[in-house]
Each structure stands twice: as C-alpha cells, then as structure tokens.
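Asks: Please find the sequence and the predicted model below.
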Amino acid sequence: MKFLTAAALSCGLATPVIAAPLCDDLGFAGLLASCNRGEPIQLTLSSGQPLGEDVTLQSGAYYKMIITSDGSAELAITGSEFFRAIWMNEIVINQIEIRPMAIDSIEFDAEGVAELSFVAIKPGTHILRIPGSTGETQQIRISIQ
C-alpha cells in the first residue's frame with residue numbers, strides 16, 4: 001500500500017484511486033451482499049436487432065446479466081476477454097444452476113433465457129458480440145471501472 005500511495009503522490013494525486021464495492025457493510029454474504037448489487041444488464045439475441053446498450057460496471061460489485069433469445073435465428077454471444085475479467089458465480093438456464101470456472105461463449109439454438117451472475121473484477125473495456133457480425137448494434141461495450 002505504501003508503494004501505491006507513493007506512486008499516487010508522485011503523480012499529483014492526494015490519495016490512490018482504489019475500486020470499492022457498492023456498499024461499506026458487506027456482512028456475512030461478502031461481495032454477494034444485496035447492497036453490493038448493480039443494475040441488471042439486459043441483452044437480446046434476435047436476428048437483425050440490436051444486442052443491447054453499452055454499460056459501465058464497478059469493479060468489486062455483483063451483477064446479473066439476462067440474455068434473452070427470441071429463437072428467430074441460431075445465435076451466440078462471445079467475449080472471452082470480458083468473461084476473463086469477471087468472477088462468474090453461476091449461469092442459470094431453465095432453473096438449472098451451473099457454476100463454471102470459465103466460459104468463452106453462449107449459444108442459443110432456440111428461444112430461451114440464460115441468467116449470468118458475476119462479480120466485475122478487472123478494469124478495462126470489453127466487447128461482447130454476436131460471432132461473425134460486423135455491425136455496431138451486434139455488440140456491446142462493457143467498461144469495468
């Protein structure tokens with residue numbers, strides 16, 4: 001911590017910038033506490049429709065991402081850089097809870113909903129996209145601060 005303080009002071013900052021959870025009293029649940037939850041992220045997989053809106057997340061906060069496919073096409077979402085910048089708590093599909101170590105993509109062959117819960121960890125800007133697409137509306141930028 002002394003090194004961070006010295007580096008911050010040498011750059012003209014009064015105190016180092018440290019990412020913090022959304023609440024001070026995390027209690028027994030830790031980072032998964034209800035006070036540490038950000039707004040849900042909604043993504044829609046539909047042929048020719050926008051994927052969703054760009055979002056900014058707080059490092060150390062807990063989020064849910066709800067991915068809904070309308071079944072209009074066989075579509076996937078990929079973003080290995082983003083999935084490596086988070087700690088995945090679980091993925092819920094048809095009330096089945098999956099606790100993966102890591103994922104690279106999720107593909108929908110028919111309509112359905114997948115709910116991912118995670119803690120944002122690594123700051124940066126990450127892209128989630130529909131593989132093989134080139135349009136700006138077929139991707140979203142997720143910034144972790």
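Replies: Great, that's in hand.
Asks: Residue 113 contacts residue 65, doesn't it?
Replies: No: look at residue 113 against residue 65 with C-beta atoms under 8 Å: they stay out of range, at 10.9 Å. Every residue, glycine included, has its C-beta placed from N, CA and C.
Asks: quick one: which of these two has more around it?
Replies: residue 65 (22 against 12; other C-beta atoms under 10 Å).
Asks: Tell me what the more buried one is bridged to.
Replies: residue 41, residue 116 (DSSP bridges).
Asks: how much space between it and residue 91?
Replies: Residue 65 sits 9 Å away from residue 91, going by C-beta to C-beta, to the nearest Å.
Asks: and for these two, which residues touch both?
Replies: 115, 116, 117 (C-beta atoms under 8 Å, 6 or more residues apart in numbering).
Asks: can you tell me which of the residues you listed lies nearest to residue 86?
Replies: Distance to residue 86, by C-beta to C-beta, is smallest for residue 116 among the shared contacts of residue 65 and residue 91, at 8.7 Å.
Asks: Compute the distance between the closest one and residue 32, please.
Replies: 14 Å.
Asks: For those two, indicate the residue with more neighbours.
Replies: residue 116 (23 against 14).
Asks: Would you mind confirming that the more buried one makes contact with residue 93?
Replies: No: in this structure residue 116 lies outside contact range of residue 93 using C-beta under 8 Å: 9.8 Å.
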